[in-house]
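In: Sequence first, then the predicted structure:
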There are 2 protein chains.
Amino acid sequence: MKKPLSSDFVIGFLGAGQLARMSALQAFRYGMQVAVFSDRTENEPVQFMTPHSLSGSFDDVNSMLDFAKTCDVITLENEFIDSAVLKELSEKSGTPIYPTPESFSLIENKLIEKQTFESAGIPVTPYLLVDDKDALIRFGEEHGWPYLLKSSKGGYDGYGNKTVRNIEEALEAFHKLGGGAGHDILAEAFVDFTHELAVQVARNETGYVVYPCCETVQKNHICVAVKSPAPVSETIQQQAQNLAVKATEAIDGKGIFAYEFFLTTDGSLLLNESAPRPHNSGHYTIEGCVTSQFENHVRAVCGLPLGSAEMIEPAAVMINLLGTKNRSAVVEISNEAMAIPHSHLHSYGKIQSKPGRKMAHFTLIGNDLEATYKRAISLTRKVEI
Amino acid sequence: MKKPLSSDFVIGFLGAGQLARMSALQAFRYGMQVAVFSDRTENEPVQFMTPHSLSGSFDDVNSMLDFAKTCDVITLENEFIDSAVLKELSEKSGTPIYPTPESFSLIENKLIEKQTFESAGIPVTPYLLVDDKDALIRFGEEHGWPYLLKSSKGGYDGYGNKTVRNIEEALEAFHKLGGGAGHDILAEAFVDFTHELAVQVARNETGYVVYPCCETVQKNHICVAVKSPAPVSETIQQQAQNLAVKATEAIDGKGIFAYEFFLTTDGSLLLNESAPRPHNSGHYTIEGCVTSQFENHVRAVCGLPLGSAEMIEPAAVMINLLGTKNRSAVVEISNEAMAIPHSHLHSYGKIQSKPGRKMAHFTLIGNDLEATYKRAISLTRKVEI
């Protein structure tokens, strides 16, 4: 690989959304050039940030090959490209992809992911590969109704998942998710938890750094806020950090990874989801930590030494600013929020707003977590996008 | 003006160097689109950051008119475009330019600049408009040899300036700088000083914020390092901050401004230079302050509320990483420096390195100024670009 701090070094992103955008901003800080490949025809956030932008299909190696050849390293902002496609793309273009297709292959399928992490001694939420009516009934009897059905590939933020309350709903969802038609379907138990936690880990051949354990506050399966550090005991925080590092090692991860955990009512941690990329739960690290998840993402995939993940102040809160209506995007009534010291507004440059779409976020740093959280909520209550 | 936090809002930069680049990185954080106009044909740092890039002449309104019409607001990274050209450009395109052409007109000419600041009660280095041999002799007799001759327009980092040791050198320099041929030439006394200080001020209709008073460490008239806060008394720091605010008000400045002062051996402050733009002395603010000079630059010219200029840790040091040889740019031997917590490397994406060219900078944050300075010097000593 070319020296990553050469000014003609090109970092390529497959995917052009806000995660690639915030990573690209860090790549620019290192003097790199940024190339982006999108599978959408509409204008995407990163496409405004580089003259080097292409569109095509993520399913087709040939569609991405010319792009890949112009890059010195490639990384991703989602986990929806098949690891076999990535492997072929890397081999044909000669361009390294990080995280590696091998790492992707261990987490792209929820069944293999759970097996991989279980084998590494990491507790995961109870699950079963369900292939018929009997299995659906058995899982409900063992773990209680309702439970979740998930397609083993392609699920995200509530898509590809279905909560089922009885065997009739289970059968309907099983078929809708593609069960019995070549798709592996997992049943997953609902877990009684007190907190949803997340930890980011950056890792490459120079070592690893682990970010603080934060709490993700969810509404309707969408993360609306993040508090860091999570308001749980230091022991739990450290356990979550240890599990996150162990998980990254289990997949030999090179890049930035995020892990979401349930802290159950009986005080144990269960790994719920993993993401081989920057994650919404880590946006607070831009101003909250010495080195952001995006900076360490770029460092990790380029083989550069990793930066400290230490927090700058005792508390950081991130509020997701979701679209409120269908219209051209504009952040309104944000002046009060912007005028507060230690407040930071990030807007993703999406042209079109729609209800619930992740359009922007707001970070507030402070000394006291709950006071900072309350203030952040109050400051962003009136913001419209 | 269109609402600045609309996603189709375009901020235009006249000039495409590292100052525009670091400002553009902040504009992207607000979801804005970035357009750039360069007067150079070679690849410039910002041109890698946007599909929206044009080249042409800064002297010709028509050359910039199409560019200006596509922008919602325009700002600059240097002070070399004639204020009359800027005024006509703004009028013809209908696009506001900040800082305003009126502000520029008060500082583009060193004579008018000094008169403006003197009228506002701000002490400046002793000077005289010299138009013949007698005046050159008289200034030397009054203020001592050597002294400086400066072209009243277009000087920068030692260009357009000449140190003269006697009347023969003074006469030669006077003619070389264009004296007697329509160019105003200023004589400026050398001042005995203990420190060179700098202060940034951001200001617009929502108010102003003033940054800490920092020290610029110079070698051969090039800034090699910045220490913040400056190792001088708090009284001096505050005096410098007050003078900087007064100077910004004197020109009704809207944008970010930097002021360089001499702290003389008798303990008084003299304003030496002003810059209506982000300034090398303020690069440390990216990680050193709650809101960087670049973020407040963007906020100021877009009419957004300004962010806090408070420091994050007690001390910040910035080291300019200058080119060491003629070659394609690559930051080498920087791994040790990058691996240190609170260290931050910024490279400007210039393709070609040459000795003395500003290619990158390194910021280190700490608790103790001198210890941080020594460490930063030691960490960057081996870096080659």
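Out: Cool, got the structure. Numbers count the residues shown, from 1 in each chain, chains lettered A, B, ... in the order given.

In: CA only for contacts and neighbour counts going forward, please
Out: Will do.

In: got the residues of the stretch 51-200 of chain A near chain B?
Out: Contacts of the stretch 51-200 of chain A with chain B, taken as C-alpha under 8 Å from any C-alpha of the partner chain, map to A:51, A:52.

In: Residue of the stretch 51-200 of chain A closest to chain B, please.
Out: residue A:51 (4.0 Å; C-alpha to the nearest C-alpha).

In: Can you give me the end-to-end span of stretch A:135-152?
Out: 16 Å (C-alpha to C-alpha, to the nearest Å).

In: Flag every buried residue along that stretch.
Out: For stretch A:135-152, a neighbour-count test (16 or more other C-alpha atoms under 10 Å in any protein chain shown) marks A:136-137, A:139-140, A:143, A:145-152 as buried.

In: Mind checking which of the residues you listed land in strands?
Out: Among the buried residues of stretch A:135-152, the members falling in strands are A:147, A:148, A:149, A:150, A:151 (criterion: DSSP state E).

In: Look up how far residue A:181 lies from the last one.
Out: Counting by C-alpha to C-alpha, the separation of residue A:151 from residue A:181 is 11 Å.

In: Test my guess that the residue of the stretch 51-200 of chain A closest to chain B contacts residue B:48.
Out: Yes. Between residue A:51 and residue B:48 there is a contact under C-alpha atoms under 8 Å: 6.5 Å.

In: Return the nearest residue of the stretch 151-300 of chain A with respect to chain B.
Out: Closest to chain B within the stretch 151-300 of chain A is residue A:290: 5.9 Å, counting by C-alpha to the nearest C-alpha.

In: is it true that that residue touches residue A:309?
Out: Yes. With contacts counted by C-alpha under 8 Å, residue A:290 reaches residue A:309, the gap being 5.8 Å.

In: sorry, back to before: contacting residues for the residue of the stretch 151-300 of chain A closest to chain B?
Out: A:307, A:308, A:309, A:310, A:311, A:312, B:341, B:342 (C-alpha atoms under 8 Å, 6 or more residues apart in numbering or on different chains).

In: Contact partners for the spatially closest residue to the first one that is not a sequence neighbour?
Out: So the one you mean is residue A:307. Nearest residue to residue A:307 in three dimensions, chain neighbours excluded: residue A:291, at 5.5 Å (C-alpha to C-alpha, 6 or more residues apart in numbering or on different chains). Residues counted as contacts of residue A:291 (C-alpha under 8 Å, 6+ apart) are A:285, A:307, A:308, A:309, A:310, B:342.

In: Would you tell me which one of the residues you listed comes nearest to residue A:323?
Out: residue A:285 (22.5 Å; C-alpha to C-alpha).

In: wait, that closest one sits on residue A:293?
Out: Yes. The pair residue A:285 / residue A:293 is scored as a contact, 6.1 Å apart, by C-alpha under 8 Å.

In: Name the residue in those two with the higher neighbour count.
Out: Neighbours were counted for residue A:285 and for residue A:293 using other C-alpha atoms under 10 Å in any protein chain shown; residue A:293 has more, 33 against 26.

In: contacting residues around the longest helix that chain A contains?
Out: Secondary structure of chain A per DSSP state H: the longest helix is helix A:234-250. Helix A:234-250 has contacts (C-alpha under 8 Å, 6+ apart) with A:116-117, A:120, A:122, A:197-201, A:203, A:210-213, A:230, A:257-259, A:261, A:269.

In: any idea which helix or strand comes after the helix or strand where residue A:336 lies?
Out: Following DSSP states H and E, one finds residue A:336 within helix A:335-338. Elements were assigned by DSSP H and E; along the chain past helix A:335-338, the next helix or strand is strand A:343-347.

In: by contact count, what packs against that next one?
Out: With contacts defined as 3 or more C-alpha pairs under 8 Å, 6 or more residues apart in numbering or on different chains; DSSP states H and E, strand A:343-347 has these neighbours: helix A:335-338, strand A:358-366, helix B:18-29.

In: could these be laid out in a markdown table, adding mean pLDDT, mean neighbour count and distance to residue A:106?
Out: Below are the helices and strands packed on strand A:343-347 laid out as a markdown table (pLDDT from 0 to 100; neighbours: other C-alpha atoms under 10 Å in any protein chain shown; distance: least, C-alpha to C-alpha, whole Å):
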| stretch | mean pLDDT | mean neighbour count | distance to residue A:106 |
| --- | --- | --- | --- |
| helix A:335-338 | 83 | 18 | 42 |
| strand A:358-366 | 96 | 24 | 28 |
| helix B:18-29 | 97 | 24 | 34 |
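
In: May I see the ones you listed arranged in a markdown table, with distance to residue A:10 as well?
Out: Formatted as a markdown table, the helices and strands packed on strand A:343-347 follow (distance: least, C-alpha to C-alpha, whole Å):
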| stretch | distance to residue A:10 |
| --- | --- |
| helix A:335-338 | 34 |
| strand A:358-366 | 27 |
| helix B:18-29 | 17 |
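
In: who are the neighbours of the helix holding residue A:336, in terms of helices and strands?
Out: Using 3+ C-alpha pairs under 8 Å, 6+ apart, helix A:335-338 is in contact with strand A:343-347, helix A:369-380.

In: Pick the most deeply packed of the ones you listed.
Out: Highest mean neighbour count among the helices and strands packed on helix A:335-338 (mean count of other C-alpha atoms under 10 Å in any protein chain shown): strand A:343-347, with a mean of 23.

In: Which is the succeeding secondary structure element to that one?
Out: Next along from strand A:343-347, by DSSP H and E: strand A:352-353.

In: That next one: how far from the chain's middle?
Out: The chain centre lies 21 Å from the centre of strand A:352-353; the measure is C-alpha atoms, centre = their mean, to the nearest Å.

In: Give the pairing partners of it; include direction for each.
Out: Applying DSSP bridges, strand A:352-353 is found paired with strand A:327-328 (antiparallel).

In: average model confidence for the strand it pairs with?
Out: Averaged over strand A:327-328, pLDDT sits at 90.

In: and what of stretch A:245-254?
Out: In this model, stretch A:245-254 has an average pLDDT of 98.

In: and it, C-alpha only, in PDB?
Out: Extracted in PDB, the C-alpha atoms of stretch A:245-254 (Å, rounded to 0.1, in the frame of the first residue of the first chain):
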ATOM      1  CA  VAL A 245     -12.300  -6.000  22.500                       C
ATOM      2  CA  LYS A 246     -12.700  -9.800  22.600                       C
ATOM      3  CA  ALA A 247     -15.300  -9.700  19.800                       C
ATOM      4  CA  THR A 248     -13.000  -7.600  17.600                       C
ATOM      5  CA  GLU A 249     -10.300 -10.100  18.100                       C
ATOM      6  CA  ALA A 250     -12.600 -12.900  17.400                       C
ATOM      7  CA  ILE A 251     -13.200 -11.600  13.900                       C
ATOM      8  CA  ASP A 252      -9.600 -10.300  13.500                       C
ATOM      9  CA  GLY A 253     -11.200  -6.900  12.900                       C
ATOM     10  CA  LYS A 254      -9.100  -4.100  11.300                       C
END
